[in-house]
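Enquirer: just the structure for this:
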Amino acid sequence: MGSITRNLQGVLLGAPGVTGKRVTTLPKTGLTDFMRSVISKEKETKEPFYVLDLGVVSALFDKWTRTLPMVCPFYAVKCNPEPALLGSLAALGSNFDCASQAEIELVLSLGVSPDRIIYANPCKPGSHIKYAASVGVNLTTFDSKEELDKIQKWHPKCALLIRIKALDDSIARCPLGSKYGALPEEVTPLLEAAQTARLNVVGVSFHIGSGATYSQAYEGAIASTKSVFEAAVRLGMPRMTILNIGGGFTAGSLFDEAATTIKPALQAYFPNEPGLTIISEPGRFFAESPFTLATNVIGKRVRGELREYWINDGISGSLNCILNDHATITCTPLACNSNSANPTCKGERSYSSTVFGPTCDALDTVLTGHQLPELQVDDWLVFPNMGAYTAAAGSSFNGFNTAAILTYLSYSNLS
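Expert: Numbers count the residues shown, from 1 in each chain. As a prediction, the model looks like this:
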């Protein structure tokens with residue numbers, strides 16, 4: 001096991017986006033000490049920062065390949081486009097789901113072959129379609145006649161997946177069915193339109209919603225794809241060869257629940273499908289837990305028993321996930337300045353606390369009624385599981401530039 005871990009670590013240290021950067025090897029419980037070392041080195045600036053643990057990325061990829069070996073992951077770049085994460089996943093064997101020209105450019109810049117990319121946006125600007133054609137990205141999705149018209153004009157040799165609406169995505173953290181996916185009665189007309197345009201529809205895709213919590217939704221969606229495969233056969237189209245089961249995966253018990261639904265559903269509806277390739281578009285599964293965010297306490301106010309703190313990242317920055325991704329966040333104190341003898345404040349009295357972000361917007365409220373020990377200005381709050389739809393969707397409102405937040409790389413030995 002030790003040699004396997006060392007080999008994987010070597011692969012990741014040489015990955016595009018990682019090679020040439022400092023990666024600190026940590027013991028299993030060494031994250032807090034590492035963050036304190038970063039803080040001590042950056043004590044003048046006190047800017048927020050991320051720690052990306054490549055050991056966690058490696059463990060997640062191993063978990064995926066052991067649990068769903070028949071499903072090839074195409075990491076959803078929009079979730080977190082940090083180059084070190086993308087390069088690590090590429091080195092481990094992941095492919096990529098890109099939603100724009102810029103995302104395709106980023107993945108290609110890391111040395112990834114265009115045949116490892118799916119342009120998984122059912123509605124694309126014409127100029128982006130032209131770009132995909134020019135660089136050899138030859139697989140994309142559609143769910144309307146108008147999209148077929150654009151593809152016929154700008155990339156007629158592209159292989160297509162018809163995106164269908166999942167029957168039940170209402171329980172997902174971020175449902176997508178109101179925006180994307182052909183309805184059952186639209187499928188046959190769309191396939192006929194593709195036939196008429198001499199476009200090559202090679203498979204079906206769906207998405208049960210980002211942050212899905214109802215794993216049984218996969219079963220219904222996979223059943224629906226079978227009917228689309230059969231409709232194509234009835235129309236005399238070439239047999240479809242790709243089934244894209246989309247995203248919605250979260251690491252932990254929810255992933256195990258999803259797998260226990262997906263595997264029997266695939267066996268039930270596609271037991272002997274010749275030459276079938278099954279792919280998926282996981283984002284948060286790979287991105288969420290490897291990232292930890294550290295923020296500095298820049299202000300404080302005491303009102304009786306209430307403690308109010310201001311930190312230097314917030315709702316307009318990394319913590320936009322509270323609004324945009326309906327995330328439930330947690331934080332722990334790191335009192336590097338006021339209490340160096342007990343930096344995690346274990347055993348100390350706690351107070352009902354409000355945590356604000358740094359902007360002048362009252363909406364920029366990160367936590368209310370949260371129990372925290374007595375902190376002082378220049379202490380720190382640390383937020384775990386902050387890699388999914390965080391920095392990727394942050395802004396520079398009020399001049400607090402989310403894109404400028406640094407990411408430090410570590411590799412934890414989790415065995």
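
Enquirer: what packs against the longest helix along the chain?
Expert: Criterion DSSP state H: the longest helix present in the chain is helix 216-234. Applying 3 or more CB pairs under 8 Å, 6 or more residues apart in numbering; DSSP states H and E, one finds that helix 216-234 contacts helix 184-196, strand 200-205, helix 253-269. For every residue, glycine as well, the C-beta is placed using N, CA and C.

Enquirer: how about 6 Å then?
Expert: On a contact count with 3 or more CB pairs under 6 Å, 6 or more residues apart in numbering; DSSP states H and E, helix 216-234 meets helix 184-196, helix 253-269.

Enquirer: continuing past that helix, what's the next helix or strand?
Expert: strand 242-244 (DSSP states H and E).

Enquirer: who touches that next one?
Expert: Residues from elsewhere that reach strand 242-244 (CB atoms under 6 Å, 6 or more residues apart in numbering): 161, 202-203, 205, 225, 277-279.

Enquirer: ok, now stretch 148-162?
Expert: In contact with stretch 148-162 (CB under 6 Å, 6+ apart) are residues 126, 129-130, 133, 138-142, 193-194, 197, 199-205, 244.

Enquirer: pLDDT averaged over that stretch - what is it?
Expert: Averaged over stretch 148-162, pLDDT sits at 98.

Enquirer: okay, buried residues for it please.
Expert: Neighbour-count burial for stretch 148-162, with 16 or more other CB atoms under 10 Å as criterion, is recorded at 148, 150-152, 154-155, 158-162.

Enquirer: distance between the ends of it?
Expert: 10 Å (CA to CA, to the nearest Å).

Enquirer: just for this structure, where's the confidence low?
Expert: 1-6, 168-179, 210-214, 415 (pLDDT under 70).

Enquirer: got the domain ranges for it?
Expert: 21-53+288-412, 81-282 (automatic domain parsing).

Enquirer: beta partners for T277?
Expert: Taking DSSP bridges, one obtains I242 as the residues bridged to T277.

Enquirer: from A362, how far out is the nearest residue to F397 once chain neighbours are set aside?
Expert: Counting by CB to CB, 6 or more residues apart in numbering, F397 lies nearest to S316, which is 4.0 Å off, once chain neighbours are set aside. Plainly put, S316 is 12 Å away from A362 if you go by CB to CB, to the nearest Å.

Enquirer: so which of the two has more stuff around it?
Expert: Using other CB atoms under 10 Å, the more surrounded residue of S316 and A362 is S316, with 21 against 7.

Enquirer: take the buried residues of stretch 148-162 and write them to CSV, including distance to A232 and secondary structure.
Expert: Shown next, in CSV, are the buried residues of stretch 148-162 (distance: CB to CB, whole Å; DSSP: H, G, I helix; E, B strand; the rest coil):
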residue, distance to A232, secondary structure
L148, 15, helix
K150, 21, helix
I151, 17, helix
Q152, 18, helix
W154, 24, helix
H155, 21, coil
C158, 17, coil
A159, 13, strand
L160, 11, strand
L161, 12, strand
I162, 9, strand
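
Enquirer: pick out the most distant pair among these.
Expert: Using CB to CB, the pair of the buried residues of stretch 148-162 lying farthest apart is W154 and I162, separated by 18.3 Å.

Enquirer: ok so, going back, find the helix or strand that the residue nearest to F397 is a member of.
Expert: Using DSSP H and E, S316 sits in no helix or strand.

Enquirer: so who does it touch?
Expert: Contacts of S316 by CB under 6 Å, 6+ apart are 359, 395, 397.

Enquirer: the residue lying closest to G203 once chain neighbours are set aside: neighbour count?
Expert: Spatially, and ignoring its direct neighbours in sequence, G203 is nearest to I242 (3.0 Å; CB to CB, 6+ apart). Neighbours of I242 under the rule other CB under 10 Å: 20.

Enquirer: can you put the domains of the chain in TSV and add distance to L8?
Expert: Conversion of these to TSV gives the following (distance: least, CB to CB, whole Å):
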stretch	distance to L8
domain 21-53+288-412	9
domain 81-282	8
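
Enquirer: and the ones you listed: which comes nearest V11?
Expert: Comparing the domains of the chain by CB to CB, domain 81-282 comes nearest, at 5.2 Å.

Enquirer: doesn't I118 belong to a strand?
Expert: Yes - in this structure, I118 lies within a strand as judged by DSSP: H, G, I helix; E, B strand; the rest coil.

Enquirer: please name the bridge partners of the residue lying closest to it once chain neighbours are set aside.
Expert: Closest residue to I118 apart from its sequence neighbours, by CB to CB, 6+ apart: L139 at 4.8 Å. Residues in a beta bridge with L139, per DSSP bridges, are A159.

Enquirer: count of neighbours near L139?
Expert: If we define neighbours as other CB under 10 Å, then L139 has 23 of them.

Enquirer: and what of the one 5 residues further on?
Expert: By other CB under 10 Å, the residues close to S144 number 16.

Enquirer: could I get the contacting residues of it?
Expert: With CB under 6 Å, 6+ apart, S144 has no contacts at all.

Enquirer: can I get stretch 285-299 as CSV, trimmed to CA atoms?
Expert: The C-alpha coordinates for stretch 285-299 follow below in CSV (Å, rounded to 0.1, in the frame of the first residue of the first chain):
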residue,chain,number,x,y,z
PHE,A,285,-17.8,14.7,-6.0
PHE,A,286,-14.1,15.5,-6.9
ALA,A,287,-14.0,19.2,-6.0
GLU,A,288,-15.8,19.8,-2.7
SER,A,289,-13.9,18.1,0.0
PRO,A,290,-10.3,18.6,-1.1
PHE,A,291,-10.4,22.3,-0.6
THR,A,292,-10.3,24.2,2.7
LEU,A,293,-10.7,28.0,2.9
ALA,A,294,-9.0,30.1,5.6
THR,A,295,-10.3,33.6,6.2
ASN,A,296,-9.0,36.4,8.5
VAL,A,297,-11.1,38.2,11.1
ILE,A,298,-10.9,41.8,10.1
GLY,A,299,-13.5,43.3,12.4
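
Enquirer: so which of the domains of the chain comes closest to C72?
Expert: Nearest to C72, of all these, is domain 81-282, at 4.8 Å by CB to CB.
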